[in-house]
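[1] Fold the following.
(one chain, ligands or ions: 1)
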Amino acid sequence: MTTRDIVLVALFAAIIVVLGLLPPLTLGFIPVPITAQTLGVMLAGCILGARRGAAAVLLVLLLVAIGLPVLSGGRGGLAVFAGPTAGYLVGWFFGAYVCGLIAERFVREDQPELAQFLAFLAASVAGGIAVVYLFGIPWLAYMSGKAFFETALASMVFVPGDLIKAFVAMLAGRAVLAGYPLLPQRA
Ligand SMILES: O=C(O)CCCC[C@@H]1SC[C@@H]2NC(=O)N[C@@H]21
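    Numbering: from 1, shown residues only. Just a heads-up that it's a prediction; the model follows:
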């Protein structure tokens with residue numbers, strides 16, 4: 001990693017932390033909040049690509065681990081990794097990575113604008129939603145002692161908001177690519 005990469009990773013970690021200042025939306029029937037921080041995960045993947053995007057999330061998770069209150073609602077500390085949202089947090093790391101991989105592979109600067117939008121949207125949905133849920137739901141089911149399908153069904157409450165975030169990440173990914181490209185592009 002170059003010094004520029006490190007600065008970008010720190011910048012996107014800061015963006016994820018700042019998004020955590022927006023109050024979480026807690027729901028009575030599931031011990032996982034709706035949070036704007038998942039937008040930061042998608043932005044990191046779409047704008048920085050796989051390695052640097054995942055590194056930005058990892059940095060945030062390290063800040064959580066050392067006890068800084070950087071999660072929405074001012075939460076932090078090692079106990080979070082033994083709580084009901086831990087699977088989602090691990091999913092953020094892999095989600096940013098997969099989001100970045102898809103963006104790196106399918107976004108091209110010389111593509112038509114529509115193809116770029118679609119590639120960023122696919123990256124955000126696959127990485128920022130599917131992969132995050134893939135880790136989050138089984139862990140939540142285990143922690144709450146509920147059936148997997150019941151937990152998966154309850155987690156669908158996050159989908160509308162996460163789709164809006166994926167749309168915002170798509171717009172931001174394309175805007176940054178057009179003005180100040182940072183995304184590595186793979187053959
Ligand atoms: O703050 C935490 O401890 C982690 C919160 C995880 C929230 C999950 S991520 C996917 C889904 N989308 C949301 O807005 N909330 C959940």
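
[2] which intervals of this structure have sub-threshold pLDDT?
    Judged against pLDDT under 70, the chain has no low-scoring part.

[3] 80 instead?
    Residues of the chain that meet the criterion pLDDT under 80 lie in 186-187.

[4] Do I have it right that Val17 meets Val64?
    No: applying Cβ atoms under 8 Å as the test, Val17 and Val64 come out as separate, 9.7 Å apart. Heads up, the C-betas are built off the backbone N, CA and C, glycines and all.

[5] where do the strands sit along this protein?
    25-27, 30-34 (DSSP state E).

[6] Quick check: the gap between the residue nearest the centre of the chain and Gly136.
    When the chain is reduced to its mean C-alpha position, the nearest residue by Cα atoms, centre = their mean turns out to be Val41, at 2.4 Å. Val41 is 12 Å from Gly136, where distance means Cβ to Cβ, to the nearest Å.

[7] ditto for Ser72
    According to Cβ to Cβ, Ser72 and Gly136 sit 15 Å apart.

[8] Between those two, point out the one with more neighbours.
    Between Ser72 and Gly136, counting by other Cβ atoms under 10 Å, Gly136 is the more crowded of the two (25 against 22).

[9] For that one, list the residues it contacts.
    Gly136 sits next to 32, 85, 87-88, 91, 155 when contact means Cβ atoms under 8 Å, 6 or more residues apart in numbering.

[10] Using TSV, lay out the residues you listed together with neighbour count.
    Listed next are the contacts of Gly136 as TSV, based on neighbours: other Cβ atoms under 10 Å:
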residue	neighbour count
Val32	23
Thr85	22
Gly87	23
Tyr88	24
Gly91	27
Ser155	17
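
[11] Can you list which of these are found in helices?
    87-88, 91, 155 (DSSP state H).

[12] among the residues you listed, which are within reach of the ligand?
    When contact is defined as Cβ under 6 Å from any ligand atom, those meet the ligand at Tyr88.

[13] Need the strands of the chain in a markdown table (columns: distance to Leu8).
    Below are the strands of the chain laid out as a markdown table (distance: least, Cβ to Cβ, whole Å):
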| stretch | distance to Leu8 |
| --- | --- |
| strand 25-27 | 29 |
| strand 30-34 | 27 |
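
[14] Is it possible to get CSV of those that adds distance to the ligand?
    Formatted as CSV, these follow (distance: least, Cβ to the nearest ligand atom, whole Å):
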stretch, distance to the ligand
strand 25-27, 8
strand 30-34, 4
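
[15] picking that back up, if we only consider the contacts of Gly136, which is nearest to Ala172?
    Taking Cβ to Cβ as the measure, Ala172 lies nearest Gly91 of the contacts of Gly136, at 20.7 Å.

[16] Give me the neighbour count for Phe149.
    For Phe149, the neighbour count with other Cβ under 10 Å is 10.

[17] what about the closest residue to Pro69 other than its chain neighbours, how many residues close to it?
    What sits nearest to Pro69 in space, not counting adjacent residues and going by Cβ to Cβ, 6 or more residues apart in numbering, is Gly76, at 4.4 Å. The number of residues packed near Gly76 is 18, by other Cβ under 10 Å.
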